[in-house]
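In: kindly generate the corresponding structure for this input.
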Amino acid sequence: MSEWCAIGILAVASMLTGIGHVCFKLTAIRDLHFLQKLRSAAFIGGLACFVIGAGLAVICSRYTSFSLLYGMSALNVVFILFLSRSLLNESIDSRKILGATFIIVGLGFIAFSKS
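Out: Here you go, the predicted model:
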């Protein structure tokens, strides 16, 4: 597997982790008892996203450096930002957009410094 393929898979893993976080938030805001929340589809789906994302990251760890592997995990913040806007109607202000931009630019520096 090439390093660029690993980067793509890590982006998918970050997206799955972001989806998992949003699923947990959807579970938390529902008015259910604790055990009902643990059995809800959103909680189970979020847990599945976390497990699959972690599995993909473990697979990619063999083919890329730790600095890139760990840096790509910050990408889930960007996914959470846009998912929370579209699914939870949370606001996005200029500071959040600037932070997401810094994350993406920083990942670009890490990825292209390896080339």
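In: how about residue 103, nearest residue that isn't a chain neighbour?
Out: Once flanking residues are discounted, residue 103 sits nearest to residue 74: 5.1 Å by CB to CB, 6 or more residues apart in numbering. Yep, even glycine has a C-beta here, placed from its N, CA and C like the rest.
In: is it correct that the one you found is in contact with residue 107?
Out: Yes. The pair residue 74 / residue 107 is scored as a contact, 7.1 Å apart, by CB atoms under 8 Å.
In: between these two, which is the more surrounded one?
Out: Neighbours were counted for residue 74 and for residue 107 using other CB atoms under 10 Å; residue 107 has more, 20 against 16.
In: buried residues in the one helix or strand that one maps to?
Out: Using DSSP states H and E, residue 107 sits in helix 94-113. Residues 96, 100, 103, 107, 110-111 are the ones in helix 94-113 that count as buried (16 or more other CB atoms under 10 Å).
In: and the contacts of that helix?
Out: 7, 67-68, 71-72, 74-75, 77-78, 81 (CB atoms under 8 Å, 6 or more residues apart in numbering).
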